[in-house]
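>>> coords below, sequence missing:
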Ligand SMILES: C[S@@+](CC[C@H](N)C(=O)[O-])C[C@H]1O[C@@H](n2cnc3c(N)ncnc32)[C@H](O)[C@@H]1O
């Protein structure tokens, strides 16, 4: 691999004796990983049913290496059913560090395509709230699709600038992740095109942008709250020095120790401008020291103050359904769902689309929304049609009428291609299609035929 010359020289001067091992890692095979969706299954279940040859990732309990030459997990129906997310192994370490717990209010500020959001959202439970934000509209759409695929009901997807959000949610979030845009030096092996954009000037531009984003994140973090900052690049300017500048600007931010094991290294004091000692608490994942492309991770806490967290942000008010809407939704629910609990959650109607907001969802007025929680479906004339997102958020036990496909039988391929299926049943109406008991989408049965409602944009072409 022809690394940019200036990059090579810079890494040589930074790494000294270690530089050759670092350069050699670019000639080795890249490690591929997947992380399971713990809302759908646990590690034991997964290890029993995994159709791929997998190996545990030592620094992520729910992460596995797979062999790209042998398996293509992205083409398996378990992927379409949201059982796992294909994610670069060292990137998985980031989600682990935010220490989210059930009920937390979390902001993922730079979230697309959703690797870390899908990780965090499965940890905060039914009562937690995740705002998954992406500044670029196209990337926000891809993010929203991954949130849907994972069946997440506690997440709102937004398309905003950090600056605008900081005005709306001061001192609000318990946890914030800034997985910052960066010069991507850890992406060279996966995407050699990324090397074309590398220059020292670009590194410095990224560092400036990161500092700006962090200052907005600071405004939104509750006193006592935790912030995790990460990049997939190696330059000290975007890592140690960005954190150094951040704690200098905001002295009430303390760097919290990250546990270094399995080849994970501390951040380097000598790479800061003023020998910041606490930088050793940050983490560096190097491609020549573990099986992953590389990351930098820092964890910080905002000191508690007498001034309490912002209590003035109200909860998002529910949209009151019209009599007809209420009737159509309730008819659908009664005829098709079992134990689908909406207690304590608010409906949100946008045009004719019905969403179920996460519990404790803050006021969303003025925010550009891409997904207002769980998309339940659409009101049509005198009936309610369920959305694909609802199917993926259910368990098989919640479907009244179910048609289970087997991953051993290629009927699933026909379903994902959008073809009709046959059934011996005599039901008329909505049927939840599952794959080995995991929901995959909707179909509508009439006269022994299952009409396909798998979304057109997701269908397999061959
Ligand atoms: C490293 S990627 C995020 C990856 C994501 N967290 C994941 O795990 O899938 C950084 C993201 O920051 C977004 N971004 C770029 N400029 C930004 C800005 N000025 N403010 C906030 N986000 C920005 C990019 O569009 C990109 O999606």
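That came in fine, so what should we check first? Here the structure is a predicted model, which is why all the values come from computation and not from measurement.
>>> tell me what the longest strand along the chain is packed against?
Using DSSP state E, we find that the single longest strand of the chain is strand 221-231. Identification of packing neighbours for strand 221-231 by 3 or more C-beta pairs under 8 Å, 6 or more residues apart in numbering; DSSP states H and E yields helix 89-97, strand 173-179, helix 200-220, helix 240-249, strand 295-302. To be clear about C-beta, it is placed using only N, CA and C from the backbone, and glycine gets the same treatment.
>>> I'd like to know which elements the first one is packed against.
Packing contacts for helix 89-97, counted by 3+ C-beta pairs under 8 Å, 6+ apart, involve strand 32-36, strand 60-66, helix 115-121, strand 173-179, strand 221-231, strand 283-285, strand 295-302.
>>> can we see that at 6 Å?
Contact analysis of helix 89-97 by 3 or more C-beta pairs under 6 Å, 6 or more residues apart in numbering; DSSP states H and E lists strand 60-66, helix 115-121, strand 295-302 as its packing neighbours.
>>> can you list the weak-confidence ranges in the stretch 301-450 of the chain?
306-311 (pLDDT under 70).
>>> Could you pull up the contacting residues of the one residue sitting closest to the centre of the chain?
What sits nearest the mean C-alpha location of the chain, by C-alpha atoms, centre = their mean, is residue 117, with 2.4 Å. Residue 117 is in contact with 108, 111, 132, counting by C-beta atoms under 6 Å, 6 or more residues apart in numbering.
>>> For the stretch 101-250 of the chain, which residues are neighbours of the ligand?
110-116, 134-136, 139, 162, 179, 181, 209, 213 (C-beta under 6 Å from any ligand atom).
>>> how about 5 Å then?
Residues of the stretch 101-250 of the chain found near the ligand (C-beta under 5 Å from any ligand atom) are 110, 112, 113, 115, 116, 135, 136, 139, 179, 181.
>>> The fifth one contacts residue 97, doesn't it?
No - counting by C-beta atoms under 6 Å, residue 116 stays clear of residue 97, with 10.0 Å between them.
>>> Quick one: distance of the longest strand of the chain to the chain centre.
17 Å (C-alpha atoms, centre = their mean, to the nearest Å).
>>> Can you point out the buried residues in it?
Across strand 221-231, burial judged by 16 or more other C-beta atoms under 10 Å covers 221, 222, 223, 225, 226, 227, 228, 229, 230, 231.
>>> Do I have it right that the second one meets residue 169?
No - Residue 222 is not in contact with residue 169 according to C-beta under 6 Å; the separation is 10.0 Å.
>>> between those two, what contacts are shared?
In contact with both residue 222 and residue 169: no residue, using C-beta under 6 Å, 6+ apart.
>>> Among the contacts of residue 117, name the buried ones.
The buried subset of the contacts of residue 117 - by 16+ other C-beta under 10 Å - is 108, 111, 132.
>>> Could you dump these into TSV and include secondary structure and pLDDT?
Formatted as TSV, the buried ones among the contacts of residue 117 follow (DSSP: H, G, I helix; E, B strand; the rest coil; pLDDT from 0 to 100):
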residue	secondary structure	pLDDT
108	strand	98
111	coil	98
132	strand	98
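>>> from those, which is closest to the ligand?
residue 111 (5.2 Å; C-beta to the nearest ligand atom).
>>> tell me the most buried of the helices and strands packed on helix 89-97?
helix 115-121 (a mean of 27; mean count of other C-beta atoms under 10 Å).
>>> Tell me the gap between that helix and the middle of its chain.
Put simply, helix 115-121 sits 3 Å off its chain's centre (C-alpha atoms, centre = their mean).
>>> Identify the residues contacting residue 398.
337, 338, 340 are the contacts of residue 398 under C-beta under 6 Å, 6+ apart.
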